[in-house]
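Student: Based on what follows, work out the 3D shape:
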Amino acid sequence: GGLVTHCYVSDTTLYQRDFSSAIITVGTPFFGSAFADIEIAGKAKSPYRFFYIDGLGVYADDVLPESEFIAWVSTQKGIIRGHHYDKIEENKNFASLSGRHPFEGSLAEESDGDGLVSVAATMLTPIEPVPFGFDHFSLIDDNSMHSVISAFVQLYGSFNWPVLFSRVWNGEETLNKIPETWEQEARLIYHKTADFDALVEFNRNMLNSAPENAILITNGDNDTYPAWFLQNKGVRKDVLVVNRNLLNLQDYTVFLQEHGLPLSMTRAELDTIKHDYDKEKNEFVSISDKLIKRLLKQKVRQVVFATTVYKPQKFGYPLKLSGMVYEIGEDEIDVERTKEFLYTSFVYDVVSSVVIDSLTEHIQNIVANYAASSFKLAKALEKQEKYADALEALKFARRFGDIPLFYLSEATMYTHMKRFDLADSTFEALFKTHELDAGMKKEIARTYHDMDMNDKAIKLLAECLQEDPNDRESLALIKEYQEE
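Tutor: Sure, this is the predicted structure:
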């Protein structure tokens, strides 16, 4: 990789000028690493010349010694430029022929990946769970980061997760070894104490949302390890945390059975459960999916899903939101219980003491669950025509995330209350703080139309047409509103 190469040529004890000082970083089959960022490279004080090219697919010939590109590179002196290919078949890799083609617009590194790998996955995980605030050249000489890397090497030299899990499940290690090890790892990964504390705080609220003696189905690392960490400290030990991904492993299932999982199956019976594919629904059905469906049928312990679980509705039961968990129930939300959780029972000491945007991105995503539950509460209160209470819930949601949908919902509440002036001022505030897509603009235009403000509706729709002249829906609405 580029960083390793740069380390090599920067170290005179290693580099004996045995290759060109023009370094070619070959593109990867996604958008590339943070090293392939022309702006970062341009700010660096490196004495070397860097060229970024896409060495994949039809562009592979560019890196051959006799290629036109290599000949061209040899004539350049200290030039750092960039190019981004737009060919879909090349996965839109960040690529450069160092100025032979123009480059307009934002760098590929600034957006998510091509659907296969996101930008977060291009970092030096777990040393870089998110991009650092300094460039990769600075990283080389950052002593504090050296100590973090050293600590990671020491930690991972002492254990690995699969072996540790196996030893715990087979009784060779005590259960507390998992949360204790996770804490060591997590405190290295989260460079800011607030990230770690906000994550633990969320998991505390999630655990406290679960009914007594419940089975809590969780999704991944951030709603499982911190929950175990808290239980190791005595918090809600009555709740059995069941990670849906680990449930694919038989040893884990047997371990849970020994710790209160009401699943009456022998190892031989578990052996018969296999991954499957549902052709009718066109979806993969995992071992854990099948076991969870069995758990949902038993009556010994109540099963609930963390709000972080991906598509819990796939199991075919109606789900009712209650704080930070979904219970099985006909109503979409337990309004009174969720109000009690959000407004009274939950603790927000950490997230109330920091700016949400200052948290690491995936911790922000965890915190966004508060906003999502508050928004769902607001919509339920709107259905009950309790508009003042719904507005309070929306205001509460904004403590944890400020998105255009909240403004639209607030304005809709005001229209129900016939306070068109407040609805209009809400939209004006939205226009000043957010960039809106065409879909949102059309929704707002329809709301303006409902308030008999057709001029403002037409103006928004005209913007949609300007962005996309083939937008027939906007054109039809403009004609309809003009006729009125």
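
Student: what residue ranges in this protein score low on pLDDT?
Tutor: Scanning the chain for pLDDT under 70 picks out the ranges 1-63, 69-70, 72-143, 145-146.

Student: Can you classify residue 288 as helix, strand or coil?
Tutor: Following DSSP: H, G, I helix; E, B strand; the rest coil, the label given to residue 288 is helix.

Student: what number of residues lie near the residue nearest to it when sequence neighbours are not counted?
Tutor: Spatial nearest neighbour of residue 288, chain neighbours left out: residue 247 (3.7 Å); criterion: C-beta to C-beta, 6 or more residues apart in numbering. Quick note: C-beta positions are derived from backbone N, CA and C, even for glycine. Per other C-beta atoms under 10 Å, the neighbour tally for residue 247 reads 22.

Student: With residue 186 instead?
Tutor: Residue 186 sits with 20 neighbouring residues when counted by other C-beta under 10 Å.

Student: The residue nearest to residue 288 touches residue 292, doesn't it?
Tutor: Yes: Residue 247 lies in contact with residue 292 (C-beta atoms under 8 Å); the separation is 7.0 Å.

Student: returning to that earlier point: and the residue nearest to residue 288, that one's in a strand?
Tutor: No: going by three-state DSSP, the assignment for residue 247 is helix, not a strand.

Student: can you tell me which residues contact it?
Tutor: Residue 247 makes contact with 253, 256, 287-288, 291-292, according to C-beta atoms under 8 Å, 6 or more residues apart in numbering.

Student: in stretch 466-480, what's buried?
Tutor: 471, 474, 477-478 (16 or more other C-beta atoms under 10 Å).

Student: On the three-state scheme, residue 395 is what?
Tutor: Residue 395 - assigned by three-state DSSP - is helix.

Student: still on that earlier bit, which one among the contacts of residue 247 gets closest to residue 378?
Tutor: The closest of those to residue 378 turns out to be residue 292 (C-beta to C-beta; 29.9 Å).

Student: out of the contacts of residue 247, what pair is the most spread apart?
Tutor: By the measure C-beta to C-beta, 256 and 287 form the most distant pair in the contacts of residue 247, at 13.4 Å.

Student: Looking at the two, which one has more neighbours?
Tutor: Taking other C-beta under 10 Å, residue 256 and residue 287 do not tie; residue 256 has more neighbours (22 against 17).

Student: ok, residues contacting the one helix or strand that one maps to?
Tutor: Counting by DSSP states H and E, the element that carries residue 256 is helix 250-258. For helix 250-258, the external contacting residues (C-beta under 8 Å, 6+ apart) are 165-166, 168-170, 240, 242-243, 246-247, 261, 263, 265, 267, 270-271, 291.

Student: could you redo the last one with a cut-off of 6 Å?
Tutor: The contact list for helix 250-258, computed with C-beta atoms under 6 Å, 6 or more residues apart in numbering, reads 169, 246, 263, 270.

Student: what's the distance between the first one and residue 311?
Tutor: Right, the one you point to is residue 169. 27 Å (C-beta to C-beta, to the nearest Å).

Student: higher neighbour count, these two?
Tutor: Taking neighbours as other C-beta under 10 Å, residue 169 and residue 311 compare with residue 169 leading, 21 against 8.

Student: wait, what's in contact with the more buried one?
Tutor: Counting by C-beta under 6 Å, 6+ apart, residue 169 makes contact with 251-252, 255.

Student: can you do 10 Å?
Tutor: The neighbours of residue 169, taking C-beta atoms under 10 Å, 6 or more residues apart in numbering as the test, are 175, 178, 246, 249-256, 258.

Student: want to try TSV for the residues you listed, with distance to residue 358 as columns?
Tutor: Listed next are these as TSV, based on distance: C-beta to C-beta, whole Å:
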residue	distance to residue 358
175	34
178	29
246	32
249	37
250	43
251	40
252	36
253	40
254	43
255	39
256	38
258	43
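
Student: before we move on, the earlier item: overlap of the contact sets of residue 247 and residue 292?
Tutor: Taking C-beta under 10 Å, 6+ apart as the contact rule, residue 247 and residue 292 both touch 217, 263, 286.

Student: which one among these gets closest to residue 449?
Tutor: Residue 449 has its nearest neighbour among the shared contacts of residue 247 and residue 292 in residue 217, at 43.5 Å by C-beta to C-beta.

Student: From residue 371, how far off is the closest one?
Tutor: Distance, residue 217 to residue 371, using C-beta to C-beta: 22 Å.

Student: Between these two, which is the more surrounded one?
Tutor: For residue 217 versus residue 371, the count of surrounding residues by other C-beta under 10 Å is larger for residue 217: 26 against 20.

Student: Correct me if wrong, but the more buried one is in a strand.
Tutor: Yes: assessed by three-state DSSP, residue 217 belongs to a strand.

Student: Give me the nearest residue to it, chain neighbours excluded.
Tutor: Excluding the flanking residues, the one nearest residue 217 by C-beta to C-beta, 6+ apart is residue 305, at 4.8 Å.
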